[in-house]
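# just the structure for this:
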Amino acid sequence: MGVIRPPFYCSGITNVKFLYNTLSFLYNIVKFHYKRLRMTSSTADKYTTTEYGKQNMFGAEVAPWVDQNDNYEGYPENAEKTNGRWAMIGIVALLGAYITTGQIIPGVF
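Have a look, this model is predicted:
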């Protein structure tokens, strides 16, 4: 009759213990350094802390910003042309699908 061993048995148990101790040590180092980090003032202003020490991360509004160096002359006209061209491509695709399959929207009706 054989010896019953737990499912996590490993013949190199010393290697497992060494690995576990090493990982625990590294985890504690990272945890220690993480606690020492301080938030910058710009990020600390965006969070509120409750009386229990938990952070509430409410959505912080971004200040509107417009680049003064960009030139938006002609943008509305170009946007309308592009929108119209995409609409024409859609109509041609719709007609092509109707001609080839006989359905208005293939797969639906």
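# what's the weakest-modelled helix or strand in the chain?
helix 41-44 (a mean of 56; mean pLDDT, DSSP states H and E).
# tell me the mean pLDDT over stretch 21-39?
Averaged over stretch 21-39, pLDDT sits at 78.
# what residues of it count as buried?
Neighbour-count burial for stretch 21-39, with 16 or more other C-beta atoms under 10 Å as criterion, is recorded at no position. Backbone N, C-alpha and C define where each C-beta goes, glycine included.
# and the strands in the chain?
Listed from the start of the chain, the chain has strands (DSSP state E) covering 48-49, 55-56.
# what's the distance between the residue lying closest to Y98 once chain neighbours are set aside and V16?
Counting by C-beta to C-beta, 6 or more residues apart in numbering, I104 is the residue found nearest to Y98 once chain neighbours are left out, at 6.2 Å. Taking C-beta to C-beta, to the nearest Å as the criterion, I104 is separated from V16 by 65 Å.
# more neighbours: those two, which one.
In terms of neighbours (other C-beta atoms under 10 Å), V16 is the more surrounded of I104 and V16; the figures are 13 against 10.
# measure that one to T22 for me?
Counting by C-beta to C-beta, the gap from V16 to T22 is 11 Å.
# what does the pLDDT read for M88?
On pLDDT, M88 comes in at 97.
# do the same with the one 3 residues further on
Reported pLDDT at I91 in the predicted model: 94.
# top helix in the chain by residue count?
Counting residues, the longest helix in the chain under DSSP state H turns out to be helix 75-101.
# show me what it is packed against.
Under the contact definition 3 or more C-beta pairs under 8 Å, 6 or more residues apart in numbering; DSSP states H and E, helix 75-101 sits against no other helix or strand.
# what about A97, how many neighbours?
A97: 15 surrounding residues under other C-beta under 10 Å.
# if anything else comes up later, I'll come back, but that's it for now.
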